[in-house]
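A.B. asks: Fold the following for me, if possible:
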Amino acid sequence: MPATSTLLVLGASGDLSARLLLPGLGELLAHRPDLDLQLVGAGTEDWDDDRWREVVRTSFASLGAEGPAVDRVVAGTTYHSADVTLEADLERLLAACDAAPPSTSPCRRPSPSGPARR
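C.D. replies: Next comes the predicted model:
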């Protein structure tokens with residue numbers, strides 16, 4: 001079974017995410033039903049997971065994306081309200097990532113020797 005990949009979207013509550021990034025991701029998932037992806041959104045809007053899921057669902061549907069991978073990603077996606085230009089918010093987002101077990105962590109900090117690898 002392939003390892004889960006995580007996509008952390010910074011600026012997830014922005015217009016470009018909903019209009020361009022998410023529809024493209026939906027098409028990829030529709031064509032790759034075996035893809036095991038965890039989608040994590042972070043943005044400045046004060047959204048909860050349900051609001052984010054609705055944005056993801058609507059964006060995927062805008063190009064007709066459907067299938068088991070699409071359904072899994074929509075059901076499992078989470079959202080974190082954060083302004084990553086503020087150090088405290090970025091630290092809180094990274095702490096939330098670090099608090100999850102390694103197999104489900106939405107992101108990993110880079111090591112001093114280079115970027116994190118999955």
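A.B. asks: can we go C-alpha only for contacts and neighbour counts from here?
C.D. replies: Fine.
A.B. asks: pLDDT weak spots in this structure?
C.D. replies: Within the chain, the segments meeting pLDDT under 70 span 1-3, 96-118.
A.B. asks: same thing but at 80, please
C.D. replies: Confidence mapping of the chain against pLDDT under 80 gives the ranges 1-6, 92-118.
A.B. asks: Helices of that one, start to end?
C.D. replies: Remark: helices assigned in the chain by DSSP state H are 15-16, 22-31, 49-61, 68-76, 87-99.
A.B. asks: So what touches the fourth one?
C.D. replies: Right, helix 68-76. In this structure, residues lying in contact with helix 68-76 by Cα atoms under 8 Å, 6 or more residues apart in numbering are 26, 29-30, 32-39, 53, 56-57, 60.
A.B. asks: Mark which of these are buried, thanks.
C.D. replies: Listed as buried from these are 26, 29-30, 35-39, 53, 56-57, 60; burial here means 16 or more other Cα atoms under 10 Å.
A.B. asks: Val9: which of these is nearest?
C.D. replies: Minimum distance to Val9 across the buried ones among the contacts of helix 68-76 is 7.6 Å, recorded for Leu39 (Cα to Cα).
A.B. asks: The closest one bridge partners, please.
C.D. replies: Bridge pairing for Leu39 (DSSP bridges) gives the partners Leu7.
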